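**Student:** Structural data only, the sequence is not supplied:
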């Protein structure tokens, strides 16, 4: 199922023995578009603490109660590596958190398959290759923030540029809650195309300027206008995704 990242913010996180806190943000790897961490603001039982929860710890969703159930205990969380509430997540903290809980830093379902992203080439998939994660090795534990870790809250409202002109801005991200990958950017076209919203897969991204807060796409405005129309009020079915990917020449998500 695809979920809007904004909808997950505010979900309650329930451990095996009680509540942990509330989802405040989602952190993803900018090379793979894989969600790496849920940032959870702990409740009164852990005052002024934030907790990193790995997606592999999520057992199930309760959409009616807006709750994520995780395979952790409050005792585990309380004794876990403390995360500062006002500092970026460091590589050192990630390493300590993986080690403490026994989580695998290479965990992911292969959402994109073995092919490169993009029509010709693009940001590669790193899951399953330890060499590609050398920056999380023992030789790189200098306390610096992870340069590839991006926050959903930070990338919202990035400017989006088609290959031949303005597209609009990022309004949201759609996430697969099984594979925990970002499948689509929801782009608000603003005044360029009567305020329509369109979906862009990471396959379409040619580059991102994090400094300028701009996403550059390998699609034209004409291609976007001719794409299968998306109605935000309806669920995204597989047939629609097939048509969208065929239109742009994108790869599949393992269908």
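**Tutor:** That came through fine. As the structure is a prediction and not an experimental result, all values here were calculated from the model. Numbers count the residues shown, from 1 in each chain.
**Student:** start to end distance for stretch 173-180?
**Tutor:** End-to-end distance for stretch 173-180, by CA to CA, to the nearest Å: 12 Å.
**Student:** buried ones in that stretch?
**Tutor:** 173-177, 179-180 (16 or more other CB atoms under 10 Å). Where you see a C-beta, it was placed from the backbone N, CA and C, and this is true even at glycine.
**Student:** What are the boundaries of the helices in this protein?
**Tutor:** 5-8, 74-79, 91-101, 152-155, 221-225, 238-248 (DSSP state H).
**Student:** where are the low-confidence patches of the stretch 151-255 of the chain?
**Tutor:** 255 (pLDDT under 70).
**Student:** now do 50
**Tutor:** By pLDDT under 50, the stretch 151-255 of the chain contains no weakly predicted segment.
**Student:** hey, where'd the strands end up in it?
**Tutor:** 159-162, 165-176, 182-188, 197-200, 205-209, 214-217 (DSSP state E, counting those that start in this stretch).
**Student:** Can you tell me which of the ones you listed is nearest to residue 147?
**Tutor:** In terms of CB to CB, the element of these nearest to residue 147 is strand 205-209, at 12.9 Å.
**Student:** Give me the buried positions along that closest one.
**Tutor:** 205-206, 208.
**Student:** How about stretch 219-229?
**Tutor:** 219, 221, 223-224, 227-228.
**Student:** which other residues reach it?
**Tutor:** With CB atoms under 8 Å, 6 or more residues apart in numbering as the test, stretch 219-229 has contacts from 162-165, 167, 189, 192-193, 196, 198, 200, 204, 240, 243-244, 247-248.
**Student:** List buried residues within those residues.
**Tutor:** 162, 167, 189, 192-193, 196, 198, 200, 204, 240, 244, 248.
**Student:** Check those and tell me the two furthest apart.
**Tutor:** 192 and 240 (22.4 Å).
**Student:** mind listing the strands for the stretch 1-150 of the chain?
**Tutor:** 2-4, 12-15, 18-29, 35-42, 50-53, 58-62, 67-70, 149-151.
**Student:** Make JSON lines out of those and add mean neighbour count and distance to residue 234.
**Tutor:** Compiled in JSON lines, the strands of the stretch 1-150 of the chain are given as follows (neighbours: other CB atoms under 10 Å; distance: least, CB to CB, whole Å):
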{"stretch": "strand 2-4", "mean neighbour count": "15", "distance to residue 234": "12"}
{"stretch": "strand 12-15", "mean neighbour count": "20", "distance to residue 234": "27"}
{"stretch": "strand 18-29", "mean neighbour count": "19", "distance to residue 234": "24"}
{"stretch": "strand 35-42", "mean neighbour count": "22", "distance to residue 234": "24"}
{"stretch": "strand 50-53", "mean neighbour count": "22", "distance to residue 234": "31"}
{"stretch": "strand 58-62", "mean neighbour count": "14", "distance to residue 234": "20"}
{"stretch": "strand 67-70", "mean neighbour count": "19", "distance to residue 234": "25"}
{"stretch": "strand 149-151", "mean neighbour count": "17", "distance to residue 234": "29"}
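**Student:** Appreciated, that's everything.
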